[in-house]
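*Asks:* generate a structure from the sequence data that follows.
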Amino acid sequence: MLMHRCTNLGMKELDIILGRWSQEFVPKMSYEELNQMESEILDLDTIDIYNLLLQVKVADELKPLEQLKYVQEIRNYALKGLI
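*Replies:* Presented below is the predicted three-dimensional model:
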């Protein structure tokens with residue numbers, strides 16, 4: 001379910017980044033990390049996910065999420081051009 005949500009966010013850039021990231025990393029995530037990713041990140045508005053993951057005008061209330069392990073992994077994955 002999580003991998004499907006990562007590829008169907010409604011913004012092509014996110015669908016590509018999160019879709020490819022999820023193929024590599026979701027199978028390695030714990031049950032708690034999967035639940036946290038879904039409830040704290042994927043339940044956000046699409047534009048908030050975009051801003052958070054690509055560090056564009058991150059709202060103050062989202063700043064604590066920047067410290068999550070998988071947020072850092074997604075950013076590194078995208079920035080290294082591995083997508």
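
*Asks:* now do the helix or strand hosting R5: distance to the chain's middle.
*Replies:* Using DSSP states H and E, R5 sits in helix 2-6. Put simply, helix 2-6 sits 10 Å off its chain's centre (Cα atoms, centre = their mean, to the nearest Å).

*Asks:* show me what that helix is packed up against.
*Replies:* Using 3 or more Cβ pairs under 8 Å, 6 or more residues apart in numbering; DSSP states H and E, the elements in contact with helix 2-6 are helix 12-25. (C-beta placed from N, C-alpha, C; glycine too.)

*Asks:* the helix it packs on: what's the following helix or strand?
*Replies:* Per DSSP H and E, the first helix or strand lying C-terminal to helix 12-25 is helix 31-36.

*Asks:* what mean pLDDT does that next one have?
*Replies:* If you average the pLDDT over helix 31-36, you get 91.

*Asks:* and the contacts of it?
*Replies:* L2, V26, L68, K69, Y70 (Cβ atoms under 8 Å, 6 or more residues apart in numbering).

*Asks:* got the buried residues for that helix?
*Replies:* E33, Q36 (16 or more other Cβ atoms under 10 Å).

*Asks:* how far off centre is that helix?
*Replies:* From the chain centre to the centre of helix 31-36 is a distance of 13 Å (Cα atoms, centre = their mean).

*Asks:* what do you get for stretch 26-46?
*Replies:* How far stretch 26-46 lies from its chain's middle: 8 Å, per Cα atoms, centre = their mean.

*Asks:* hey, which helix or strand in this protein has the poorest pLDDT?
*Replies:* helix 69-79 (a mean of 86; mean pLDDT, DSSP states H and E).

*Asks:* residues contacting it, please?
*Replies:* Residues contacting helix 69-79 (Cβ under 8 Å, 6+ apart): 17-18, 20-21, 24-25, 29, 33, 37, 41, 52-55, 65-66, 83.

*Asks:* switch to 7 Å and redo it
*Replies:* For helix 69-79, contacts defined as Cβ atoms under 7 Å, 6 or more residues apart in numbering pick out I17, L18, W21, F25, E33, M37, L52, L53, L54, Q55, L65, I83.
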